[in-house]
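Participant: what's the 3D shape of this:
(2 chains)
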Amino acid sequence: GAVVSQHPSRVICKSGTSVKIECRSLDFQATTMFWYRQFPKKSLMLMATSNEGSKATYEQGVEKDKFLINHASLTLSTLTVTSAHPEDSSFYICSASSPWPSYNEQFFGPGTRLTVL
Amino acid sequence: GQQLNQSPQSMFIQEGEDVSMNCTSSSIFNTWLWYKQDPGEGPVLLIALYKAGELTSNGRLTAQFGITRKDSFLNISASIPSDVGIYFCAGQLTTSGSRLTFGEGTQLTVNP
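Facilitator: Got it, this is the predicted structure:
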């Protein structure tokens, strides 16, 4: 099956610093990638959708300047949390979608645990 | 926007028991999906349903796409300890591309 990786799996940073999370589709080309945020015991909340080579589309209430998304290639999208604060601590999950191998199916990464001190 | 109501929120069962959970929506979907998420991991797809009325099985799992296209259920038969986790339903509309709307999740605990 299609494999999506995320790096790092865990990151701890100081308040005010920026953190970059990578999402890679390992064995297929992802035309669309999604970024989710998940709080403990809660569901996945879609933050933004990014298409390769285009600007990301952010969900209502998600700050574009706070959560910078880049989808520069068909196998890599990055989420940068700028000037992180403790309230940004969360589990961030990406997913990737493509007409192939399975049309419209989203393949999820293993997630990145961000802790801001 | 679309909302999915998933129930129950949590279940505590004995090993060997059957489990049922369901999702209802305020509007229709073209595709219903069921995922399982283990602690600290991303969701893993269990079953995908593409047609109203469709009943699909995957081992001990059975899911159905409601006739009205506004609901779906997931059954797990003869539960085992490794079934522990959070189960999410998700709906997808082809007009929204591959965008998913997730339910709130059902936390399943299986006691040996």
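Participant: Need the residues that contact the helix or strand residue A:46 falls within.
Facilitator: Element membership of residue A:46, judged by DSSP states H and E, is strand A:44-51. With C-beta atoms under 8 Å, 6 or more residues apart in numbering or on different chains as the test, strand A:44-51 has contacts from A:31-39, A:56-59, A:62, A:67, A:69-71, A:77, A:79, A:93, B:43, B:88, B:97, B:99-100, B:102. The way it works is simple: take the backbone N, C-alpha and C, and place the C-beta from them, glycine included.
Participant: Restricted to strands, list the residues you listed.
Facilitator: The strands, defined by DSSP state E, take in A:32-38, A:57-58, A:67, A:69-71, A:77, A:79, A:93, B:88, B:100, B:102 from the contacts of strand A:44-51.
Participant: From the residues you listed, list the buried ones, please.
Facilitator: The neighbour count (16 or more other C-beta atoms under 10 Å in any protein chain shown) marks A:32-38, A:58, A:67, A:69, A:71, A:77, A:79, A:93, B:88, B:100, B:102 as buried among these.
Participant: Can you list the residue ranges for helices in chain B?
Facilitator: With helices called from DSSP state H, chain B shows none.
Participant: ok, back up a step: who does the strand holding residue A:46 pair up with?
Facilitator: Take DSSP bridges as the rule and strand A:44-51 pairs in its sheet with strand A:32-38 (antiparallel), strand A:57-58 (antiparallel).
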